[in-house]
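S.K.: I'll drop the sequence and a predicted model, then ask my questions.
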Amino acid sequence: MTDALQPTRLEVVDDSDRHAGHAGAREGGESHFTVTIEAAAFAGQSRVARQRAVNTALADLLAGPVHALSIKALAPGE
């Protein structure tokens with residue numbers, strides 16, 4: 001994701017412990033994440049376009065080990 005979107009800010013939080021027992025939750029975590037990303041690439045893009053860009057950059061992870069992803073995508077200054 002860092003190569004594709006070149007973020008100026010990237011925060012990744014593993015929320016898996018909050019989803020224990022839910023669908024897609026794995027023992028040991030690393031299945032549910034919250035991502036906050038700021039990148040110039042998001043300037044002028046809609047919220048949906050930004051989320052699509054993040055999903056595209058993380059397609060391999062979303063097809064496998066990551067079950068759920070909450071995305072907050074911002075342009076610089078937002």
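M.R.: Cool, the structure landed.
S.K.: Was I right to think residue 32 contacts residue 13?
M.R.: No - look at residue 32 against residue 13 with Cβ atoms under 8 Å: they stay out of range, at 9.5 Å. Any C-beta I mention is one placed from the backbone N, CA and C, and that applies to glycine too.
S.K.: Compare the two (neighbour count), which wins?
M.R.: For residue 32 versus residue 13, the count of surrounding residues by other Cβ atoms under 10 Å is larger for residue 32: 22 against 11.
S.K.: what pairs with that one across the strands?
M.R.: residue 68 (DSSP bridges).
S.K.: What does the pLDDT read for it?
M.R.: Note on residue 32: pLDDT of 80.
S.K.: ok, now how distant is it from residue 43?
M.R.: To residue 43, residue 32 is 29 Å away according to Cβ to Cβ, to the nearest Å.
S.K.: tell me which helix or strand of the protein sits lowest on mean pLDDT?
M.R.: The weakest-scoring helix or strand in the chain, judged by mean pLDDT, DSSP states H and E, is helix 2-5 (a mean of 81).
S.K.: Just the buried positions in that helix, please.
M.R.: Applying a neighbour-count criterion of 16 or more other Cβ atoms under 10 Å, one finds residue 5 buried in helix 2-5.
S.K.: which residues are contacting that helix?
M.R.: Identification of contacts with helix 2-5 by Cβ atoms under 8 Å, 6 or more residues apart in numbering yields 10, 37, 39, 41-42, 53-54, 56-57.
S.K.: so how far is residue 77 from the most centrally placed residue in the chain?
M.R.: Compute the mean C-alpha point of the chain, and by Cα atoms, centre = their mean the closest residue is residue 35, 4.1 Å away. Counting by Cβ to Cβ, the gap from residue 35 to residue 77 is 19 Å.
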